[in-house]
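1. when you get a sec, could you give me coordinates for this:
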Amino acid sequence: MSGTSWVGDRLGFEAFGTSVGLAVLLGALSVAVPGLVAVTGTLAALAVAGWATLPRRLGPTPWARRGAVSLVGCALLLGAAAYLLPPVFLVPYRGLAIALGLVPLWLLERRGRPRRSARGVPA
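-> All right, here's what the predicted structure looks like:
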């Protein structure tokens, strides 16, 4: 046995990637249906929580540059600020803003992790 088996490994998904994808989808839909803004914010919180558990499950990420981490932090901060304290012209787009703020974190995380095959073994 190799340790703890995670449900995401068995089902082929992980909380971080799934919640970022759904947040972007619902963030775009929230422009037309304003009631989806709260769901998008909840998915963004789930994405950050799922991202925080990745190093424990998959090992630390060898991020190449410190500047990329600073850029991701700024994107998350701007997305959260646009969601929590939006200017009047951004109110209809606040769900989309917080979802798009997660995309740089998702890209950085995908670039830093080794790809896995269908069996969960690094390729």
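2. rest of the way, CA atoms for contacts and neighbours
-> Noted.
3. if I look at residue 41, how far off is residue 111?
-> 25 Å (CA to CA, to the nearest Å).
4. higher neighbour count, those two?
-> Per other CA atoms under 10 Å, whichever of residue 41 and residue 111 has more neighbours is residue 41, with 22 against 14.
5. now do the contacts for the more buried one.
-> Residue 41 makes contacts with 23, 83, 95, 98-99, as judged by CA atoms under 8 Å, 6 or more residues apart in numbering.
6. if you set the cut-off to 7 Å instead, what comes out?
-> When contacts are counted by CA atoms under 7 Å, 6 or more residues apart in numbering, residue 41 touches residue 95.
7. mind checking pLDDT for it?
-> Looking at residue 41, its pLDDT reads 92.
8. okay, now residue 87: neighbour count?
-> With other CA under 10 Å as criterion, residue 87 counts 11.
9. relative to residue 93, how far out is it?
-> Applying CA to CA, the value for residue 87 to residue 93 is 10 Å.
10. can you list the buried residues in stretch 18-26?
-> Neighbour-count burial for stretch 18-26 flags 19-26 (criterion: 16 or more other CA atoms under 10 Å).
11. try stretch 79-98
-> Neighbour-count burial for stretch 79-98 flags 79-83, 86, 91-98 (criterion: 16+ other CA under 10 Å).
12. and stretch 39-49, by the same measure?
-> Counting neighbours by 16+ other CA under 10 Å, stretch 39-49 gives 39-41, 43-48 as buried.
13. which SSE is immediately downstream of the helix or strand of the chain with the lowest mean pLDDT?
-> In the chain, no helix or strand scores lower on mean pLDDT, DSSP states H and E than helix 7-11, which sits at a mean of 52. Using DSSP states H and E, the next helix or strand after helix 7-11 towards the C-terminus is helix 15-29.
14. and the angle from the helix or strand following that following helix to helix 15-29?
-> Downstream of helix 15-29, the first helix or strand assigned by DSSP H and E is helix 37-58. The directions of helix 37-58 and helix 15-29 differ by 160 degrees, with axes from the mean of the first three to the mean of the last three CA atoms, to 10 degrees as the criterion.
15. beyond helix 37-58, next helix or strand please.
-> helix 66-84.
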